[in-house]
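# Below are the sequence and a predicted model for it; my questions follow.
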Amino acid sequence: MSLRQFYPRKNLRRQVASWKLFILYATLLVAIGLQISYPLIDGEALRVVTIATVYWAAAAMFIHASLAYGFIYSLQFLFITFTYALVIEQIGSRSGWPFGSYEYSPTLGYQIYGVPLVVPFAWVMLAHPVLLAARKVTKNWVFLYGGFGMMAWDLFLDPQMVSAERWTWDFTGSHVPFQPEIPLSNAFGWLLTGMGLMAILNAVLRVDRRKVSTSTAVPDFFLMWTWFAGVVGNLFFFDRTGVAFIGGLVFGLFLLPYIFLLRFGPPANN
């Protein structure tokens, strides 16, 4: 009998430079700071902050995707999500399907055939952390769980933007609970299109993470901040208790399994 000395496999994943992590954290902090300022300002400043918040948050998610999964991954994610969102929004704003009949205000800045450029970047802002959460919670139902997450996020987004007159709806019939200005079809539209986006991203983008020092802390924090800001903002600043309740409940149902697995369980799909 012979004894062989065991040498553990060397970790081949590269560390991320500290200055890159600083840029990531700083970008996220700017986005969060802009969101905090939102209920405290009005007029032109509010319009600029609305647009800037989306771009900074989308940039933070893109940077995280690049550092954690590689530059090719992040480019694929950006291209797929931006293109998908732009096409869906073009169809939706022209045909009324699948969200309902709506129209964007010119206050959201530069438009691509009637759809503000900032709108697809709003999809980018949330699609990255939602995809990561969905991949951790489930292996076979990423599209469904991720689509639910996108729909849940919109329960906070739409009332806030409609109140600020960034877009308007024209409809009769059923509306989202506690949101009489938003048609119920919008929630179903977000669920449907969110599932479509998650299915494509999950099929195209690889699952493994390459950099050991870049965890999911940034997208995780952004998801939890989105829930917290939506509830607190609507309760104490926008006087929309119903929006805080329905958005907090549905987005909370999306977050709960993910938070549980972060604390107690192994990943399902990475």
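That came through fine. Numbering: from 1, shown residues only.

# Which stretches in the stretch 1-150 of the chain count as strands?
102-104, 111-112, 115-116 (DSSP state E, counting those that start in this stretch).

# centre of the chain versus the last one, how much separation?
Strand 115-116 has its C-alpha centroid displaced from the chain centroid by 18 Å (Cα atoms, centre = their mean, to the nearest Å).

# other SSEs contacting that strand?
helix 71-95 (3 or more Cβ pairs under 8 Å, 6 or more residues apart in numbering; DSSP states H and E). Every C-beta, even on glycine, is put in place using the N, C-alpha and C of the backbone.

# which helices and strands does the helix it packs on pack with?
helix 43-69, strand 102-104, strand 115-116, helix 118-137, helix 184-204.

# quick check: angle from that helix to helix 118-137?
Interaxial angle of helix 71-95 relative to helix 118-137 (axes from the mean of the first three to the mean of the last three Cα atoms, to 10 degrees): 120 degrees.

# Not counting sequence-adjacent ones, nearest residue to Ser215?
Ala68 (7.9 Å; Cβ to Cβ, 6 or more residues apart in numbering).

# what about stretch 62-76, average pLDDT?
Stretch 62-76 shows a mean pLDDT of 96.

# how close does the residue nearest the centre of the chain get to Phe236?
Nearest to the geometric centre of the chain sits Leu126, at 0.9 Å (Cα atoms, centre = their mean). Per Cβ to Cβ, to the nearest Å, Leu126 is found 23 Å from Phe236.

# residues near the residue nearest to Ser215, how many?
Per other Cβ atoms under 10 Å, the neighbour tally for Ala68 reads 23.

# deepest of the strands of the stretch 1-150 of the chain, which one?
Ranked by mean neighbour count, the strands of the stretch 1-150 of the chain are led by strand 115-116 with a mean of 22 (mean count of other Cβ atoms under 10 Å).

# Neighbouring strands of it in the sheet, and parallel or not?
With DSSP bridges as the test, strand 115-116 is paired with strand 111-112 (antiparallel).

# residues in contact with the strand it pairs with?
If you take Cβ atoms under 8 Å, 6 or more residues apart in numbering as the criterion, strand 111-112 is touched by Leu86, Gln90, Tyr104, Leu117.

# that older thread, what sits closest to the residue nearest to the centre of the chain if chain neighbours are left out?
Nearest non-adjacent residue to Leu126 (Cβ to Cβ, 6+ apart): Trp153, at 5.2 Å.

# Same question for Thr27.
Nearest to Thr27 is Ala60, by Cβ to Cβ, 6+ apart, at 4.3 Å.

# Please work out how many residues are found near that neighbour.
For Ala60, using other Cβ under 10 Å, the count is 26.

# wouldn't it be in contact with Trp225 here?
No. Ala60 lies out of contact with Trp225 (Cβ atoms under 8 Å); the separation is 11.2 Å.

# show me the contacts for Leu46.
Tyr38, Ala164.

# Which pLDDT value belongs to it?
On the pLDDT scale, Leu46 gets 97.

# Repeat that for the one 10 residues further on.
pLDDT recorded at Trp56 is 98.

# Enumerate every residue touching the nearest residue to it once chain neighbours are set aside.
Nearest non-adjacent residue to Trp56, counting by Cβ to Cβ, 6+ apart: Ala31, 3.9 Å away. Each residue near Ala31 by Cβ under 8 Å, 6+ apart is listed here: Thr53, Trp56, Ala57, Ala59, Ala60, Phe222.

# ok, the third one touching Met125?
Read it as Ala57. Yes. Here Ala57 reaches Met125: they are 4.4 Å apart, a contact under Cβ under 8 Å.

# in the stretch 1-150 of the chain, what spans have low per-residue confidence?
1-14 (pLDDT under 70).

# at 50 instead, please
For the stretch 1-150 of the chain, the stretches with pLDDT under 50 are 1-12.

# Let me see the confidence value for the closest residue to Val137 other than its chain neighbours.
Counting by Cβ to Cβ, 6+ apart, Pro257 is the residue found nearest to Val137 once chain neighbours are left out, at 5.0 Å. Pro257 carries a pLDDT value of 97.
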